[in-house]
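Student: Following is a predicted model, sequence given first.
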Amino acid sequence: MTSPPFQYARPSGVDDALAAAAVPAAMYLAGGTDLLPLWKAAVVAPARVIDISRLALATITATDGGLALGALARLSDVARDTNVAGKCDLIAQAIANSASGQIRNMATVGGNLLQRTRCPYFRSADLPCNKRQAGSGCGALAGENRQAALFGGSASCVATHPSDLAVALTTLDAEIVIAGRSGERRVPITNFYRLPSATPDKDTTLEQGELITAVVVPDATRFAGRTTFLKIRDRASFEFAVVSVAAALRIDAGIIVEARLAAGGVAPMPWRLTASEAALIGKPAVEATFAEAARVATNGAQALADNGFKIELLRRAVARALQDIGESK
Amino acid sequence: MQISDQSLTFSLGINGRSREVKVSPSTTLLDLIRDHVGLTGTKKGCDFDACGACTVLADGRRIKACLALAASYEGASITTIEGIASGAELHPLQAAFVKHDALQCGYCTPGQVMSALALIAEGPKDRGAIREAMSGNLCRCGAYPNIVDAIAEVAGL
């Protein structure tokens, strides 16, 4: 296999990077842990690789009980940062469950959010995939679809998003800070990803050439000690989620007063479980409440031939995550 | 800003020695180490981030060289398996791998040793933590129990 060559550019700052990206088929390179395998597999063919890994966007700062994660902060550095470890367990747990030690040392926050799906049709240049090549068809719909989405898919794409961190950040209502040639904008993570509908080749609402500079996590101290990240996978480590759940509860005198749940591995983006959240509010933090929240977690789920097992798996994952939190002190 | 589609010439440290290399923009750190510098102890197993045979240290941190674009590591300090022994004396971790019979075919061993070297510096709490933290290094011969024994001994666990 011969992958096409590319130009290499190393910008000195964000503006410089944005200028370098103003050509077709330019791609940013941070950790490289997804871009290089995709390039080797001929899934992507950048004409210009813009190496942003040295830009000063790697700091992790505490902000009024929340966090600002530089887009180029490496996952391992985030997980062990004194503002994260022991203070924002959901993020630390999601990262600890991601990839392997080597990859966590390379992969960045921004790159993690932008990693592409693990759908085998997307990652094989010979197979049909509307996400990789618009109009070529979706091989997964009637083919190998064990990994495919239960929610949010379309007739053109049923791929799932693989990030663990994004699931935790969705539960925490994080915002993505984006730099573009016309200035900076902020997008809630729930509006950052796109459902495939008719244009599955676009994973996110980023425009060509825009650059994630940071992820801002609002104050989540009210959930302290009442969060959990549960990841179910086919082997114990170094594997993507079949189903994951990030949950946070605020419990007052035994009553749940606030609930946040998001699931991974089941949709083209981290999937907020709003029906489960509604089923928890105002109820006692007991097993019967958790069971009801688990039951409604899969409202609206649509299974294909091979992924129906995820419906029961997601319900059980929600129940277990909530029980873990309920039992914590 | 430097934009190049020609060969790039730059320096980086490999095993304590500064090396000037000339590589194409799309060269990986793994190919730089093996094909341009000639240090073939670092293995190319899958070249797709699955196996860990290409693990090296970059500024003391373990990384997969097959996922690293060489040009990104200009000026970095790289350590490969060739750089850890003291002359003819094996690094204690290498000696522990021999003592515990922590290999059969040996192809994954350089990556296992480099990964374990960084892991020990990270301070694993117990054998379970070693198993978890070594999950990025596959051994198709299945020498895992002995690999964990070797690492645990050097880590003092």
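Tutor: Everything's here; your move.

Student: List phi and psi for the residue of chain B at minimum distance from chain A.
Tutor: Relative to chain A, the nearest point of chain B is B:G136 (2.6 Å; Cβ to the nearest Cβ). No exception for glycine: its C-beta is placed from N, CA and C like everyone else's. Backbone torsions of B:G136, given as degrees, to the nearest 10, read phi -80, psi 0.

Student: Can you tell me the closest non-neighbouring residue to it?
Tutor: Nearest residue to B:G136, sequence neighbours excluded (Cβ to Cβ, 6 or more residues apart in numbering or on different chains): A:S100, at 2.6 Å.

Student: Tell me who's in contact with the closest residue in space to A:A305 that isn't next to it in sequence.
Tutor: The shortest distance from A:A305 to any non-neighbouring residue, by Cβ to Cβ, 6+ apart, is to A:N145 (6.2 Å). For A:N145, the contact set (Cβ atoms under 8 Å, 6 or more residues apart in numbering or on different chains) comprises A:V158, A:L304, A:A305, A:D306, A:N307.

Student: Around the closest residue to A:T108 other than its chain neighbours, how many other residues sit close by?
Tutor: Nearest in space to A:T108, with sequence neighbours left out and distances taken as Cβ to Cβ, 6+ apart, is A:A30 at 4.3 Å. Neighbourhood size, A:A30 [other Cβ atoms under 10 Å in any protein chain shown]: 28.

Student: For chain A, just list every one of the helices.
Tutor: Along chain A, counting by DSSP state H, helices occupy A:14-20, A:35-40, A:75-80, A:89-96, A:101-106, A:109-114, A:165-171, A:189-192, A:274-280, A:287-296, A:309-327.

Student: Around chain B, pick out the residues from the stretch 101-250 of chain A.
Tutor: For the stretch 101-250 of chain A, the contact set with chain B under Cβ under 8 Å from any Cβ of the partner chain comprises A:G101, A:Q102, A:I103, A:N105, A:M106, A:A236, A:S237, A:F238.

Student: nearest residue to the last one other than its sequence neighbours?
Tutor: If you skip the residues right next to it in sequence, A:F238 has B:S135 as its closest partner in space, 3.9 Å away by Cβ to Cβ, 6+ apart.

Student: Show me which pair in the residues of the stretch 101-250 of chain A next to chain B is furthest apart.
Tutor: Spatial extent of those (Cβ to Cβ) is set by the pair A:M106 and A:A236 at 21.8 Å.

Student: More neighbours: which of those two?
Tutor: Of the pair A:M106 and A:A236, A:M106 is the one with more neighbours under other Cβ under 10 Å, namely 25 against 9.

Student: What pLDDT does the model give the more buried one?
Tutor: What the model reports as pLDDT for A:M106 is 98.

Student: Please apply the same query to B:T80.
Tutor: 98.

Student: ok, now the one 5 residues further on?
Tutor: In this model, B:A85 is scored at 98, pLDDT.

Student: and if you look at A:S328?
Tutor: The confidence metric pLDDT takes the value 67 at A:S328.

Student: Packed most tightly, which of the helices of chain A would that be?
Tutor: Across the helices of chain A, averaging neighbours per residue (mean count of other Cβ atoms under 10 Å in any protein chain shown) puts helix A:165-171 on top, at a mean of 28.

Student: Spell out which parts of chain B neighbour chain A.
Tutor: Counting by Cβ under 8 Å from any Cβ, the residues of chain B close to chain A are B:1-5, B:8, B:24-26, B:28, B:47-49, B:52, B:55, B:61-64, B:66-69, B:71-72, B:115, B:118-119, B:122, B:131-137.

Student: In strands, which of these appear?
Tutor: Among the residues of chain B next to chain A, DSSP state E puts B:Q2, B:I3, B:S4, B:L8, B:T55, B:R61, B:R62, B:I63, B:K64 in strands.

Student: What residues does the last one make contact with?
Tutor: Taking Cβ under 8 Å, 6+ apart, we find B:K64 in contact with A:T33, A:Q102, A:I103, A:M106, B:D49, B:G52, B:C54, B:T55, B:G136.

Student: mind redoing it with 6 Å?
Tutor: For B:K64, the contact set (Cβ atoms under 6 Å, 6 or more residues apart in numbering or on different chains) comprises A:Q102, B:D49, B:C54.

Student: One more: the fifth one?
Tutor: Shown in contact with B:T55 (Cβ under 6 Å, 6+ apart): A:Q102, B:R62, B:G111, B:M114, B:S115.

Student: swap the cut-off to 8 Å and go again
Tutor: By Cβ under 8 Å, 6+ apart, B:T55 lies in contact with A:102, B:42, B:62-65, B:110-112, B:114-115, B:136-137.

Student: just A:V78 next, same as before
Tutor: A:I60, A:L69, A:V84, A:I91, A:A92, A:I95, A:V109.

Student: Give me the local confidence score for it.
Tutor: 98.

Student: how much space between it and A:A22?
Tutor: From A:V78 across to A:A22, the span is 30 Å (Cβ to Cβ, to the nearest Å).

Student: A:K231 now?
Tutor: Counting by Cβ to Cβ, the gap from A:K231 to A:A22 is 39 Å.

Student: before we move on, the earlier item: my read: the residue nearest to B:G136 touches B:L119, true?
Tutor: No - here A:S100 does not reach B:L119: they are 10.8 Å apart, not a contact under Cβ atoms under 8 Å.

Student: Could you export the longest helix anywhere in chain B as CSV, keeping only the C-alpha atoms?
Tutor: The longest helix of chain B (DSSP H) is helix B:109-122. Provided in CSV are the C-alpha atoms of helix B:109-122 (Å, rounded to 0.1, in the frame of the first residue of the first chain):
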residue,chain,number,x,y,z
THR,B,109,10.3,-7.8,23.5
PRO,B,110,12.0,-4.5,22.7
GLY,B,111,8.6,-2.8,22.8
GLN,B,112,7.6,-4.6,26.0
VAL,B,113,10.9,-3.5,27.7
MET,B,114,10.6,0.1,26.6
SER,B,115,6.9,0.3,27.7
ALA,B,116,7.7,-1.3,31.0
LEU,B,117,10.6,1.0,31.6
ALA,B,118,8.3,4.0,31.4
LEU,B,119,5.6,2.2,33.3
ILE,B,120,8.0,1.6,36.3
ALA,B,121,8.7,5.3,36.4
GLU,B,122,4.9,5.9,36.4
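
Student: what comes up buried for that helix?
Tutor: B:T109, B:P110, B:G111, B:Q112, B:V113, B:M114, B:S115, B:A116, B:L117, B:A118, B:L119, B:I120 (16 or more other Cβ atoms under 10 Å in any protein chain shown).

Student: residues contacting residue 9?
Tutor: No chain in the question, so chain A it is. A:A9 sits next to A:A20, A:R48, A:V49, A:I50, A:D51, B:M1, B:Q2, B:I3, B:S4 when contact means Cβ under 8 Å, 6+ apart.

Student: Wait, chain B was what I had in mind.
Tutor: Counting by Cβ under 8 Å, 6+ apart, B:T9 touches B:E20, B:V21, B:K22.

Student: Cool, thanks, signing off.
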